[in-house]
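Enquirer: model this:
(2 chains)
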Amino acid sequence: MTINPGPGSEVTDYEALYRRIRRRYEREREVRMEAERIAEDGLSQLYARNRQQALMEAVAAQANSGLSVEDIVRFAFSQACEMGPWCMALAWLPDSKGSGRVFRLASHLSGHENAAAGRALPTGSDNALLPGICSRLQIESAPLWLVGEGTRAGMQTVLMVPVMVSGRMAMVLEFDALSRHESDPYTLAMFSNIARQLSHVLERRETADLLRHEATHDALTGLPNRKAFLARLDAIMERDRKTGHDHAVIFIDLDKFKMVNDSFGHHAGDMFLIEIVNRLRRVFDTEENCFIARLGGDEFTAIMTGPRDRAALEKIGARICQELEGEMVIDGHHLRPSASIGIVTSDHDHKSSADIVRDADLAMYEAKRRGGDRVILFTPDLLARMHHALILQGELPDALERNEFLLHYQPIMDIQTGRVVGHEALLRWRDRRGVLHDPAAFIRNAEETGLIVPIGNWVLEQALRHVVAFNRDQVPGHEIAAHVNLSANGLRQPDMPRQLRELLAVTGAKAEWIVLEITEDVLLPDMDASIRHLAALRGAGARIAINSFGGGRSSLSHLGIMPFDIIKTDRGFVKTMNTHGHTVDVLRLMADLGERLDKTVIIEGVETQAEQEQLRALGFRYMQGFHIGRPA
Amino acid sequence: MKGIVFNILEEVVEKNHGAEAWDTLLEAANVNGAYTSLGSYPDAEMQALVVAASKHLGITPAELLHSFGRDAMPILKQRYPELFSTHPNSRSFILSVNSIIHPEVRKLYPGAICPYFHMKENNDGTLDMTYSSERHLIDLAQGFVFGAADVFGDRVEVERFPPGSGKENMLRVKWL
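Expert: Now for the predicted structure:
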């Protein structure tokens, strides 16, 4: 069989030839169109891939540019919608507290003018993310491509892309198309890539937020910390300087917090502070325009903005005291907190936040000095007084080295014989300006800083040297004693008895020339240990005098168990001898007590001849006071 | 101009005037005639074809472009059904030309130059489409509008404005 037609038919059948050529043409045309279609598809896909690649790169560039998450999302949306087929894009933020609610972060509508698509966009209650889809995304952690009606009204294709941060769904990107489009791996890969970029941005932002929060907040109570407080205060001061508005700073320092920590442990201390903050919040939550912070330790501060007069501020202070004082039970311990509160207003021309905080602190310190559990409003004279005290505090550590301490002596007299039997050594500090200070001005600071120990040792040594001089020309039996006050720290020094012996040897003083005076308050915290210490000192030869007996927290029961030699009565007895009916009876008892216990009784605070006579008549022999002799 | 436009014209001519008419037209216009959809060809060849066809049919080039546009639309619908299926009517379809249709065209035919229409919907329901392109093929656009109406089963009137009126590039479309 041959396909070629014979030579004869070629000439005769033009019709057939035409039809065959026509068919060949049709075939060729179909082939061309098929080839074109294949090429068109390839080109179109290549074009789409290039666009997707460009979009991913652009989003990556934006993600690394430091733009906000919102801006990056908006950028990705506008690009993706332009590329099609998406006509709407939405970004959802699931509630981080796990309530299941979502919030819309951003939305984008593709920019067709008044297009029917635009009118078909969802509004109202439809405008939310279905919870079912939300939980599916969270579980699968992968994009969802949904085709057909039902997910979003009017939309035929919906693509949901979860943005995962450390296994948690931090965001959902939604893309909607009006027409049906089947899932396409390239598009899915592109959106997954964009989601990864956003995930990195979110992670970085969350880390930055966390660091910022940690840097500005107190981890225990969650309150803003010192840094945040000062920054806010600076901003408020700056603003109020321009506007002339008022503000006030409240400084709250808990009383005896250290005791809670030391006695019950740091866990109890932490629980205590958390409860304190709850109580403070109860007060400040009802106040407008206030900012409360934990400055550190047991110090809290609050800024109150807006007009408030002194009375209003004092009232707030009183409310804080009242709110705090309720009993709390921490680890089984019943505690009754209180605080020292200082308040300063903005009308003292403060130059900086440090100034205003210092003044609030001073007012607080004054509240503490007056016994705590009270509110003090700052006044300029407080500053002057504190200023002085602060200067002294600064100079105190070097005072010993600069030899600025000296001892004054107040005589103790035997009224029967008219002879001086002893001198009480009284510490004085002559500062570099030549001002002479009583211990009241510096002793508390010396105790707080521990300087009291070297100072006490110096006093003892000086007194021993002096007592040698006192007795140089005394005939035996008429020797004069030096009375030295012993601080709590001095008493508790374990090698005090040894030191005393050494000093006695060095100075050549006799042990019986030394009387160590001690107040009962010093003994109280640990009576057993105090008794041991006193016995040891007595063992070294010194005599022990109980100072200010009958005042403060004196207890008759102590007399039975304490090793001592001398009772020095509280000066309050003499003062009230002629005004309070029973004081004389009490003094009479005191004389009797000395006699029965075989202890020497020294009456302190004798200021007039009449008092001296009266006391002598009551049977007292040893006296001290301005009438007997002033300290010199 | 993209070869696809020549291909569509060929289809229209063949459909209306038979297979031979396209060859006749190519010869009359003195053009090459080998057009693939993805290729790009000189605009002058399209102009020559339009002039030759109008001369042959005894109508103006504008009239020829009207009928070309109108007849092209069913062919376009056959080739690209997804561009039509999402629209309920010709108005919605026409309104999507800048944002959907032309971007899709650019995707299929990289390098294609598409015109831009400034759309203004008037209170009386008419739509003003202001044409802007270097090719000055507003008459083809008018034909496409009629063709779109036909495809969706709508009826439209298109109002034109004289040269120098400032609206010579505007089509005012009224749905009946």
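Enquirer: Run the chain-centre distance for stretch A:252-264.
Expert: Computed by CA atoms, centre = their mean, to the nearest Å, the chain-centroid distance of stretch A:252-264 equals 14 Å.
Enquirer: May I have that stretch as PDB, with CA atoms only?
Expert: Output in PDB follows, covering the C-alpha atoms of stretch A:252-264 (Å, rounded to 0.1, in the frame of the first residue of the first chain):
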ATOM      1  CA  ILE A 252       7.100  54.400 102.200                       C
ATOM      2  CA  ASP A 253       9.600  52.400 104.200                       C
ATOM      3  CA  LEU A 254       8.400  49.400 106.200                       C
ATOM      4  CA  ASP A 255       9.200  49.300 109.900                       C
ATOM      5  CA  LYS A 256      11.200  46.400 111.100                       C
ATOM      6  CA  PHE A 257      11.200  44.600 107.800                       C
ATOM      7  CA  LYS A 258      14.700  43.400 108.500                       C
ATOM      8  CA  MET A 259      13.400  41.600 111.500                       C
ATOM      9  CA  VAL A 260      10.900  39.700 109.400                       C
ATOM     10  CA  ASN A 261      13.600  38.600 107.000                       C
ATOM     11  CA  ASP A 262      16.100  37.700 109.700                       C
ATOM     12  CA  SER A 263      13.700  36.000 112.000                       C
ATOM     13  CA  PHE A 264      11.500  34.100 109.600                       C
END
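Enquirer: contacting residues around residue 76?
Expert: With no chain named, the answer covers chain A. Contact analysis of residue A:76 by CB atoms under 8 Å, 6 or more residues apart in numbering or on different chains lists A:55, A:59, A:62, A:173, A:194, A:198. The way it works is simple: take the backbone N, C-alpha and C, and place the C-beta from them, glycine included.
Enquirer: Let me rephrase: I mean chain B.
Expert: Neighbour list for residue B:76: B:8, B:83, B:147 [criterion: CB under 8 Å, 6+ apart].
Enquirer: Any idea how many residues pack against the spatially closest residue to residue A:507 that is not a sequence neighbour?
Expert: Spatial nearest neighbour of residue A:507, excluding adjacent residues (CB to CB, 6 or more residues apart in numbering or on different chains): residue A:464 at 4.2 Å. By other CB atoms under 10 Å in any protein chain shown, the residues close to residue A:464 number 23.
Enquirer: Which residues outside the lowest-mean-pLDDT helix or strand in chain B are in contact with it?
Expert: In chain B, no helix or strand scores lower on mean pLDDT, DSSP states H and E than helix B:102-108, which sits at a mean of 82. Around helix B:102-108, the neighbours that count as contacts under CB under 8 Å, 6+ apart are A:40, A:43-44, A:47-48, A:82, A:84, B:80, B:83, B:112, B:114-116.
Enquirer: Counting neighbours, which of those end up buried?
Expert: Neighbour counting by 16 or more other CB atoms under 10 Å in any protein chain shown classes A:40, A:43, A:44, A:47, A:48, A:84, B:83, B:114, B:115 among the contacts of helix B:102-108 as buried.
Enquirer: who's in contact with residue A:347?
Expert: Neighbouring residues of residue A:347 by CB under 8 Å, 6+ apart: residue A:246.
Enquirer: Check for me that it belongs to a helix.
Expert: No - counting by DSSP: H, G, I helix; E, B strand; the rest coil, residue A:347 falls outside a helix, being coil.
Enquirer: what ranges of chain A fall below the confidence cut-off?
Expert: Along chain A, the parts satisfying pLDDT under 70 run over A:1-12, A:96-102, A:110-131, A:150-151, A:387, A:390, A:553.
Enquirer: and the nearest residue to residue A:83 once chain neighbours are set aside, how many residues sit next to it?
Expert: Take residue A:83 and drop its neighbours on the chain: the residue closest to it by CB to CB, 6+ apart is residue A:51, 5.3 Å away. Using other CB under 10 Å, residue A:51 has 17 other residues around it.
Enquirer: Sort out which of the contacts of helix B:102-108 are in helices and list them.
Expert: Among the contacts of helix B:102-108, the members falling in helices (DSSP state H) are A:40, A:43, A:44, A:47, A:48, A:82, B:83.
Enquirer: biggest separation within these, which pair?
Expert: Using CB to CB, the ones in helices among the contacts of helix B:102-108 span at most 21.1 Å, a distance reached by A:40 and A:82.
Enquirer: Run through the neighbouring helices and strands of the longest strand along chain A.
Expert: Scanning chain A for the strand with the most residues, using DSSP state E, yields strand A:419-430. Judged by 3 or more CB pairs under 8 Å, 6 or more residues apart in numbering or on different chains; DSSP states H and E, the packing partners of strand A:419-430 are strand A:405-414, strand A:436-437, helix A:452-470, strand A:481-485.
Enquirer: between the contacts of helix B:102-108, which is nearest residue A:280?
Expert: Lowest distance from residue A:280 to the contacts of helix B:102-108 (CB to CB) belongs to residue A:82, with 54.5 Å.
Enquirer: where do the strands sit along chain B?
Expert: Under DSSP E, chain B gives strands at B:116-121, B:127-132, B:156-159, B:170-175.
Enquirer: For the first one, buried residues please.
Expert: This points to strand B:116-121. For strand B:116-121, a neighbour-count test (16+ other CB under 10 Å) marks B:117, B:119 as buried.
Enquirer: Check the second one too.
Expert: Burial within strand B:127-132, assessed by neighbour count using 16+ other CB under 10 Å, is assigned to B:127, B:128, B:129, B:130, B:131.
Enquirer: Give me the nearest residue to the second one, chain neighbours excluded.
Expert: Right, residue B:128. Take residue B:128 and drop its neighbours on the chain: the residue closest to it by CB to CB, 6+ apart is residue B:120, 4.2 Å away.
Enquirer: who's in contact with the one you found?
Expert: Neighbours of residue B:120 in contact, by CB under 8 Å, 6+ apart: B:127, B:128, B:130.
Enquirer: Output these in CSV; the columns should cover distance to residue A:383 and pLDDT.
Expert: Listed next are those as CSV, based on distance: CB to CB, whole Å; pLDDT from 0 to 100:
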residue, distance to residue A:383, pLDDT
B:127, 80, 94
B:128, 79, 94
B:130, 78, 92
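Enquirer: Residues of chain B that sit close to chain A?
Expert: B:19, B:36-38, B:82, B:85-88, B:91-92, B:95-96, B:98-100, B:103-104, B:107-110, B:119, B:121 (CB under 8 Å from any CB of the partner chain).
Enquirer: Any quick PyMOL command for the buried ones out of these?
Expert: Listed next is the PyMOL selection for buried residues among these, using 16+ other CB under 10 Å:
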select buried, chain B and resi 36+37+38+86+87+91+92+95+96+98+99+100+103+104+107+108+109+119
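Enquirer: coming back round to it: turn the buried ones among the contacts of helix B:102-108 into CSV, columns for distance to residue A:611.
Expert: Shown next, in CSV, are those (distance: CB to CB, whole Å):
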residue, distance to residue A:611
A:40, 124
A:43, 121
A:44, 118
A:47, 115
A:48, 112
A:84, 109
B:83, 119
B:114, 118
B:115, 120
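Enquirer: biggest separation within those, which pair?
Expert: A:48 and B:115 (23.1 Å).
Enquirer: So is stretch A:53-63 next to chain B?
Expert: No - counting by CB under 8 Å from any CB, chain B is not contacted by stretch A:53-63; separation bottoms out at 13.5 Å.
Enquirer: in that stretch, what counts as buried?
Expert: By neighbour count with 16+ other CB under 10 Å, stretch A:53-63 contains the buried residues A:55, A:56, A:59, A:60, A:62, A:63.
Enquirer: just stretch B:58-68 next, same as before
Expert: For stretch B:58-68, the buried set under the neighbour-count rule, 16+ other CB under 10 Å, comprises B:64, B:65, B:66, B:67, B:68.
Enquirer: Reformat the residues you listed as JSON lines; add pLDDT and distance to residue A:211.
Expert: Formatted as JSON lines, the buried residues of stretch B:58-68 follow (pLDDT from 0 to 100; distance: CB to CB, whole Å):
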{"residue": "B:64", "pLDDT": "92", "distance to residue A:211": "72"}
{"residue": "B:65", "pLDDT": "93", "distance to residue A:211": "67"}
{"residue": "B:66", "pLDDT": "93", "distance to residue A:211": "69"}
{"residue": "B:67", "pLDDT": "92", "distance to residue A:211": "71"}
{"residue": "B:68", "pLDDT": "94", "distance to residue A:211": "67"}
